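**Student:** no sequence for this one, just the structure:
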């Protein structure tokens, strides 16, 4: 009988997840032992033809590359990707997630990832890379913090065309509020731990975003670029789902 | 020249908002003086044919009803609605927001609002009423907190069909995580101030939701049912936008 | 011998303050007994020809008006002013503070007070009224919160001409950062207790402002409009001092 | 005269503890100097025939093994055990704690240790190992976090048969609430420091568990697997005591 | 088909709870409307022959007494009890919970409720009354705070005979630690909101208890006497269960 | 068309800033990659003839010195300065900022930087060096904490002549309040992370300064010497602006 | 047998306290029922010839005056005193505490109570009245906050002669640090809840005092004037004890 | 003219301190540069014949020993002492502080330092060593935490004879309250950072001690053994002062 999970000694792999949520399992690489990491990547590639991990160190990337020479690792976002069955070099997405692109619509949904400063890049890229893995088209708009607001306003059109915006900011995190006032789509705000002193490792930015005076903003955990990317992808999936219905 | 706002003595009405965000202005009734409240409702009804307010007291509702006898007030959600041009009694939505229903699709998007306990009802209803005002079909699933998890699991199918789920919970706020593990759509989590002692007026639930181990969950401010409803509506609007494109 | 203070039973009036700081004593009316309040106003008017109090209730205003029928009270800012020797009706400032206006300069310094929302008005007006009492010309720019950023940008010229800007905002307090990026003068930021839930009675706005990514911003206590007005006046006093030197 | 303690230079060994509490002394190895650690293990083995320590490093384990070659060390739970008089290899418990097993009852009490994720293992194993040292039968149910609730529900029968459940979870810590709704026995919840950002080193999970909407849940300190194991053992001891009475 | 709950408009009564947890539903009276409260009491009495509520106001007690003249209300603990089928006046427990008393054992389990000061009484009595409703014998030991430790030590024997101790304390909450060092049974600690200043409405006592240097202590929410009583009863139920097995 | 910024891959250089704020860009060196740092210094020197960075490490200073042998680095304040076009060795200021000195006034504005203890020096020097870079005359008054108040009072005249005072203090941060009571000019308070235990990395000093009973004090982020120096310079710029008008 | 306490229903009167601590019991009037309060005063007067209570309301004072017409109540400090056996009107102290005055020394110990502002008076007077009840000579030095430091320095001699100083301050609480730098005796610091915004009901002042850079300062709970007075009296008692030895 | 301080470049040595406070300067060694440390020790020994430092590292001790071969360093308390003029080996105190011993009294004052656990030793020894340096007789009572309360009660007589008790405890810090209930002398409580999880680096113990239900307890900063020792010495100095008067 299929219980919907595989019972290993110390873990229960949730094999039912994709049926329930439409998204495959993603590996949180941090703190995993070498043995566990390799085994998990092997199983996922075996079953799904690919595997995707977050918070991977350079050492872990080397480890996985020994097993899968084609593995891709980005040291900024720390994403570690294996796509065993990819036979071409153009797109990031496999069979399951390219529905939107096949739909033949002229106006396809895209997400915009904004970051306030250059130190927010790792989190912004984690969000962007996650969305791209899940088949979402991403536009990047970096270093557009509110201390030079004209840099953001200059791209108002790009923002207003988005299906979802991910706003990544540390310090006081005011970027999300300004964007929230400019667009009609949902804004997923990611506070980062960038800052010092009373930034309290991202708490200040989190509070700013939770209390935003603008509408349409919801918040994920500090530095959780992956989480924001997942939500943005989930929103695009719903668009795709109804386009197909 | 149209500056995009009307400059009153103490306020600048943002007349450009609907162009930018697709959503009309909503009145936050709490703390407003009687004179200001009546004037704002008058101007909105005059311009848009309707007005919608949150956090209205029973006294404020009486006040507005004197001006607009057809005004509807719900003492649970504290929403206060005037729809001057509504000529029928069936739907909640006016001309601008009924696009999805007209689209002729068989599977139309709907949102589910879940609440953990009965004390969370005012917040849940604020979310539900907001979505309905913005033209979104809403299914309610109340009192399904995790201490009796079978009540939630019994409605798994309803949840999995939703375009977005709003999860409202106070105390420890665990409901959002369980729902996050069951669905593919985005989950907007609303912590409530229900609880006592170390619940710290909703802070505990907020932290629970921000730290959720499940994917797809983003969070709004404590008791911010309106904010969650707005985001859910914004997601449905994106679906509608691409269905129309 | 003059000790620089008058030793009452429960208080030591700092008669040396004006020599040291250039500013007369200001009465914090809140919590004062009726007898104490009247006595203090009497002594100040006797000595200085005027008296100025903050956080006065309507009842306290009535009390002082019985003694000084010309007393002025503003229920929004809760400022309570007696200017016994004013013989004309034009200016707010007495002999000691009108130096700038006499200086014959064409470009005189002025301060701008900005507020994010209408609920921030009492704090903004406390700041504005304090500056006016100290002889500073004030321009008001209210309801220019970042969710409709065009309302602020529309007045960029006014802001850039200011000698100092007081930025008053609750909720997430992002207004100060945006202003900080637009002007060359110092910005005094005042967080307000406006908001709910995770606004934590102004703590969120305070953290936002302390962590601002923009330069030139310093912060006073939550709802401390008087304190911000004092600082802005102190800055204008320094300009005046060197113009006279 | 027996004062109930031995007065060393810097410590007072509580020789009266076992009489009062029924449990022998347990060594908290962390921060102890090498000399102190070896001396304490020697004294305890001398007096009781065994010794048990928590939070031991691998280096400390090597040190104790030099003195007691049969010492057992588990690098996951960091428990360090010496049982000098054990003459067989089957059970973990010595003479004093095997009462329940001798009672000849068919339904003997057992504890279940649940963990939400694999990163919670060290804490879960510290709890499990502590209970086993105190003679309690333990069932492990790991990686059953609420984002895949079916993994937990699949073992409902095992949970409902337990005399006590120890629920170990980090991040948002929702596991304890779900278990609390499923069982009749007491649940001892252990928040862990697993998580990042607003998890605040376990504070978020602690608040979740303290505010649980489910009944029967009490909470110990963050990462305090030993403490939870002790309480679970104390509950089983009470069962044993009345079975013997 | 029995879904294990009854679906009312705004609530889902968990009719499966007693099967799962062995404990009937308890009514949290606070915030309930009059209609809802009366209806819930009626349904519970109808089904179970009794009903038990916590945090009831005197007004709510009057309301229920109109319906059930024999309802008992204690203004200190704010517990509100209806036991329709009780035909004798001696014990507090009905048919389902008197198993331990029937077991014919000479040494029956009892719980001790300790409180540090007289201001902690409402919480202590809530715990005691809850346990008595669930059929547990309770001994009260009140006003034994650590500033006069001899009052506690004088009753050491009573404490050491208990199956479980509930320790209720506000201010610095040190009582739990001292008790933890004296007994072998589990100690359930209840921080109270008694205190002022840096007691922070019970947070200080909660932290004290969570960090206790003594073993065997677990903690419930601030002022949660009911929760502690429930856990103590659950422990006694486990003893009873194995005595019957 | 000039957009007011240069769009690099990961950054948008705000070339419009000096027009808006009157201050050139300052480089926050911390966390920058070697390549990025060198490139930014090159571009700034190329455009402005100088560059100024904060929070530079000794390694970064070596790096910049390879490119610009005349670069000046102060290991205490960690300021890293390149002034390519400076042809004399006397002043720190270039063409744009020497206006006040040229004004021919006898009483020129100066700032005083006070520090409470010797451990506050790095922050105090960051403030002082920043002001000097922006052309402000600075007087240093170090180690004048309130535990030996005579050291501060001895220099009352110097303080009272200042145009602005920067007060730098850790631990309890009381210095700012005492200074605030002595001077008429604005006081910019900088809490530092000096202290231990309940100093909470500067939070205690920040709260002290925000709550000061003295007038005229505003606060910047913990350890933000640069920010305080910027504000002090902005105040002096306003004086200069009106002297020139 | 004398157990050292009297076992009432809900309280255990600590009759051994005076033997152990040298101080009689003091009644914390707040929250006591009328019956309990009257009974406690009766018992104390009966046994000791006097009774002393803190935090008494005006209503409670009236109640006690009906029973003891000579009872003294101070509405500022809220102290409520009965001294049944006092036969003269000069001193505050009875038979047990007048030892120091009888010692015939020329330089007798005295305490100084300082308060920063007039709003701190209730707490300062609670401290002063407590000390006087315990037979300590008290000098009051009120409204000497650091924003006008000359008022404090003017009385340096009085401060330096004290055996102990109680420093009472709200807002930023800097007074204690300045005093600590001036005197050789111990300073007991009392933070008060005076202030607003980020004063957080006294937390800011508490942190300031705990982190003081001056030596000799220890801290009691927010608004705990009684506690500070007790400690100051305990210090004077030790002086008295050795003078008598 | 003697200003009461020596103005070095970065420091102002407070040469007036001993006159004001009766205590010589003590060196806080942590963070000092090698050059600064040696220079300060040299100056102090030159002027006073001795020097005393806290928080010294072993490396700093080696450094000072090169200059003063007789320097004493204790690695537990991290106190570093030079007493150049000591010509005998018996006492720790020099000419200025031996007054009490010369007074010929039979009952001389002594302090007791209590610690809850062995991990609190460094802080307890810092307190004890400080007192001994200041000429106070110290009795040590270590490892008497409340989980084995008999160890403390066994020494009740020693405690009750003390002139002052220093209570050092981490984790939940309950020790201070129990001692406060046993003695008549003042208790100086020192929270330590010993503990983990919700101990929050000593915050929990600090709150416990500040909120103590026992009288006579005041609190110093976390781990501030020196501060507690200073206060205890200041109390003994007052006794000495009046014995001499």
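**Tutor:** Yes, it's here. Note that this is a predicted model, so its numbers are computed, not measured.

**Student:** closest point of chain A to chain G, which residue?
**Tutor:** For chain A, the residue closest to chain G is residue A:198, as judged by C-beta to the nearest C-beta, at 11.1 Å. Backbone N, C-alpha and C define where each C-beta goes, glycine included.

**Student:** ok, now which ones touch that residue?
**Tutor:** For residue A:198, the contacting residues are A:204, C:207, C:210, C:211, F:202, F:203, F:206, F:221, F:222, taking C-beta atoms under 8 Å, 6 or more residues apart in numbering or on different chains as the criterion.

**Student:** Please report how far the fourth one lies from residue H:119.
**Tutor:** For residue C:211, the distance to residue H:119 equals 36 Å [C-beta to C-beta, to the nearest Å].

**Student:** more crowded one of those two?
**Tutor:** Neighbour count, other C-beta atoms under 10 Å in any protein chain shown: between residue C:211 and residue H:119, residue C:211 has more, with 31 against 19.

**Student:** Which strands or helices does the biggest helix by length in chain A pack on?
**Tutor:** The longest helix of chain A (DSSP state H) is helix A:225-244. Here helix A:225-244 touches helix A:99-102, helix A:121-133, strand A:164-169, strand A:187-191, strand B:217-219, helix B:225-244, going by 3 or more C-beta pairs under 8 Å, 6 or more residues apart in numbering or on different chains; DSSP states H and E.

**Student:** tell me the mean pLDDT over the first one?
**Tutor:** Put plainly, it is helix A:99-102. Model confidence over helix A:99-102, given as mean pLDDT, is 44.

**Student:** Next: the second one.
**Tutor:** For helix A:121-133, the mean per-residue pLDDT is 97.

**Student:** Check the shortest one too.
**Tutor:** Throughout strand B:217-219, pLDDT has a mean value of 97.

**Student:** quick one: that strand to chain centroid distance?
**Tutor:** Put simply, strand B:217-219 sits 15 Å off its chain's centre (C-alpha atoms, centre = their mean, to the nearest Å).

**Student:** same thing with the third one?
**Tutor:** The gap between the average C-alpha position of strand A:164-169 and the chain average comes to 11 Å, counting by C-alpha atoms, centre = their mean.

**Student:** ok, is that strand in contact with chain D or not?
**Tutor:** No: with C-beta under 8 Å from any C-beta of the partner chain as the measure, strand A:164-169 is seen stopping short of chain D, the closest distance being 13.2 Å.

**Student:** Can you name every helix or strand that that strand contacts?
**Tutor:** Secondary-structure packing of strand A:164-169 (3+ C-beta pairs under 8 Å, 6+ apart): strand A:110-115, helix A:121-133, helix A:175-180, strand A:187-191, helix A:203-210, helix A:225-244.

**Student:** just the angle between it and helix A:121-133, please?
**Tutor:** Here strand A:164-169 runs at an angle of 160 degrees relative to helix A:121-133 (axes from the mean of the first three to the mean of the last three C-alpha atoms, to 10 degrees).

**Student:** what's the angle between strand A:164-169 and strand A:187-191?
**Tutor:** Computed with the same axes, to 10 degrees, the direction of strand A:164-169 lies at 20 degrees from that of strand A:187-191.

**Student:** For chain A, what lies in contact range of chain D?
**Tutor:** A:3-5, A:10-12, A:14, A:16-17, A:31, A:36, A:191, A:193, A:201-203, A:206, A:221-224.

**Student:** Mind giving me the ChimeraX select for the residues you listed, buried ones only?
**Tutor:** Buried members of those, identified by 16 or more other C-beta atoms under 10 Å in any protein chain shown, are gathered into one ChimeraX selection as follows:
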select /A:4,5,11,12,14,17,36,191,193,201,202,203,206,221,222,223,224
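
**Student:** got a list of what residue A:38 touches?
**Tutor:** Contacts for residue A:38 were tallied using C-beta under 8 Å, 6+ apart; they are A:63, A:64, A:67.

**Student:** Could you name the specific helix or strand carrying it?
**Tutor:** Element membership for residue A:38 (DSSP states H and E) is helix A:34-48.

**Student:** pLDDT on that helix, on average?
**Tutor:** Regarding helix A:34-48, the rounded mean pLDDT is 89.

**Student:** so what's the residue of chain A found nearest chain H up against?
**Tutor:** Closest contact between chain A and chain H, by C-beta to the nearest C-beta, is at residue A:200 (13.7 Å). With contact set as C-beta under 8 Å, 6+ apart, residue A:200 has these partners: residue C:207.

**Student:** if you set the cut-off to 10 Å instead, what comes out?
**Tutor:** Residue A:200 sits next to A:193, A:206, A:207, A:222, C:207, C:211, D:200, F:200, F:201, F:203, F:222 when contact means C-beta atoms under 10 Å, 6 or more residues apart in numbering or on different chains.

**Student:** Please apply the same query to residue A:73.
**Tutor:** Each residue near residue A:73 by C-beta under 10 Å, 6+ apart is listed here: A:53, A:56-58, A:60-62, A:64-65, A:79-82.

**Student:** okay if I get those residues as TSV plus distance to residue E:233?
**Tutor:** Listed next are those as TSV, based on distance: C-beta to C-beta, whole Å:
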residue	distance to residue E:233
A:53	47
A:56	49
A:57	50
A:58	55
A:60	49
A:61	54
A:62	56
A:64	52
A:65	58
A:79	51
A:80	51
A:81	53
A:82	53
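
**Student:** picking up where we left off before, how far away is the nearest residue to the residue of chain A closest to chain G once chain neighbours are set aside from chain B?
**Tutor:** Of all residues not flanking residue A:198 in the chain, residue C:210 sits nearest, at 4.7 Å (C-beta to C-beta, 6 or more residues apart in numbering or on different chains). Going from residue C:210 to chain B by C-beta to the nearest C-beta, to the nearest Å gives 20 Å.
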